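1. Quick one: sequence plus predicted model below, questions after.
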Amino acid sequence: MNSGDNSSSTPPLCARGCGFYGSTETRSMCSKCYNDYLKQELIAKSSTNILASTPAAAANYQVSPTPSITADFAEKASIDNITPPPPPAINIKNRCEGCNKKVGLTGFACRCGKVFCGKHRYPKEHSCTFDFKALDRVLLVKQNPLVQADKLDARV
């Protein structure tokens, strides 16, 4: 076994020196470095196309697709600089809505969105605003489609 055969079977390390293995299809770069390289190449190509455009081409009012790409990159960059609004306050539901008793893990969540103790968990006990009948009607309509007989009796 020659050491030359062994070195030809192992892929080369990434040309950018990140430590991963590259391939000849990606110019001896790993996949991440190659994707970064393609993005940089696209930006560089689009900026040279903008600079290389002549005033005569601008007089014809022809718009090339590359300026829109750079505008999209600029918009994304400006969007990233905007700070997001603060998150809304989280409503901690560990007390019964009816008697304000601590319920902890034994609380019952109702479909109206509130948490109740064992005494107030039933809809009649806490005057629930959720319409159970309408929900059941909608479920029945979805689960049981209307069955109609054929209009033509002579079918085979």
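-> Good, I have the coordinates. Numbering: from 1, shown residues only.
2. Excluding its own residues, what touches stretch 17-26? List them.
-> Counting contacts by C-beta atoms under 8 Å, 6 or more residues apart in numbering, the residues outside stretch 17-26 that touch it are 10, 11, 12, 13, 14, 15, 28, 29, 30, 32, 33, 34. (Each C-beta comes from the backbone N, C-alpha and C, glycine too.)
3. For the fourth one, give its distance to residue 28.
-> In this view, residue 13 and residue 28 are 8 Å apart by C-beta to C-beta, to the nearest Å.
4. The fifth one now?
-> The span separating residue 14 from residue 28 equals 7 Å under the rule C-beta to C-beta.
5. Compare those two (neighbour count), which wins?
-> Counted by other C-beta atoms under 10 Å, residue 14 and residue 28 do not tie: residue 14 has more neighbours, with 21 against 17.
6. Was I right to think the more buried one contacts residue 36?
-> No: contact status for residue 14 versus residue 36: not in contact, 11.1 Å apart, counting by C-beta atoms under 8 Å.
7. ok, residue 16 - contacts?
-> By C-beta under 8 Å, 6+ apart, the residues touching residue 16 are 29, 30, 33, 37.
8. my read is the third one is in a strand, agree?
-> Think residue 33. No: with the criterion set as DSSP: H, G, I helix; E, B strand; the rest coil, the secondary structure at residue 33 is helix rather than a strand.
9. Let me see the ranges of the helices in this structure.
-> Secondary structure of the chain (DSSP state H): helices at 3-9, 31-52, 55-59, 66-81, 132-143.
10. among those, which gets the worst mean confidence?
-> If you rank those by mean pLDDT, helix 55-59 sits at the bottom with a mean of 50.
11. Map the structural domains onto the sequence of this protein.
-> Structural domains of the chain, as assigned by automatic domain parsing, span the residue ranges 3-76, 104-143.
12. List just the nearest of the contacts of stretch 17-26 to residue 147.
-> Set against residue 147, the nearest of the contacts of stretch 17-26 by C-beta to C-beta is residue 32 (57.7 Å).
13. Thanks again, I'm all set now.
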